[in-house]
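**Q** Below is the sequence, then the predicted model.
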Amino acid sequence: MSSFGTFNTGHDVAFEIVDPATGVPLSIPIKTGWDKKQRTEQVKSRPLNGPPIFEEDPDGWEGSCDIDRSNSVVDDWIATREAGFYSGQTIRQATILETIQEVNGGFTQWRYIGCAFKLSDAGKAERGKTVVLKLDWSASTRIKVQ
C-alpha cells in the first residue's frame, strides 16, 4: 500500500477476512472492491409542544467485498460453512481486519467483529472477462485497533 496526495484512494485500503475455525486470514489474492457502511436504527420522538427529535442508535456495520476469482478459497469457505450448517454445526462468526494507510504515512486499523457472510454473487463466466465474486457481510460492531 502506498498513499499520495491529500486524500485516500482505494489503493490505500486493505482488508482480511479471518476464518473463525482456524484464526487465519483467507488467502484471497485479488481483492478489487471494499464497501462498508454503518447501520443505525432511527429513534424518533414527536413532542406535542415542539418539533420532532431524532437519534440514530448504532446497529452494526455492513458492506461487501469484490473479488476477482483466482482460486477456490471463497467458494470452498462458503461451501464448508453451508455444509456445517446442514450437518447441525454452529457456524461461528468471522472477523474482518481493515488497514488504511493515511496520507501522513501512518496506519489506521479497524476490526469488524461478529461478521456473517453471504456470497451474493458467485460470478458470471464470460470469455475474456474476469469472474467477479461479491461477498456481502454484516458485523455486530467495529473497533479501532490502532
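**A** Nice, thanks for sending it over. Residues are numbered from 1 along each chain as shown.
**Q** which residue ranges form the strands in this protein?
**A** For the chain, the strands defined by DSSP state E occupy 13-18, 31-45, 53-68, 94-101, 107-121, 132-139, 141-144.
**Q** Mean pLDDT and distance to V74 added to those strands, as TSV?
**A** Every C-beta, even on glycine, is put in place using the N, C-alpha and C of the backbone. Shown next, in TSV, are the strands of the chain (pLDDT from 0 to 100; distance: least, CB to CB, whole Å):
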stretch	mean pLDDT	distance to V74
strand 13-18	94	9
strand 31-45	96	10
strand 53-68	97	6
strand 94-101	95	12
strand 107-121	97	7
strand 132-139	98	6
strand 141-144	98	22
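**Q** Out of these, the one nearest P25 is which?
**A** Closest of the strands of the chain to P25 is strand 13-18, at 3.9 Å (criterion: CB to CB).
**Q** which residues touch that closest one?
**A** Strand 13-18 has contacts (CB atoms under 8 Å, 6 or more residues apart in numbering) with 1, 24-26, 28, 31, 34, 65, 94-101, 115, 117, 135.
**Q** Weed out the non-buried ones from the residues you listed.
**A** Neighbour counting by 16 or more other CB atoms under 10 Å classes 26, 28, 31, 34, 65, 94-96, 98-101, 115, 117, 135 among these as buried.
**Q** Now for those residues: which two are most distant?
**A** Based on CB to CB, the longest span within these runs between Q101 and F117 and measures 25.5 Å.
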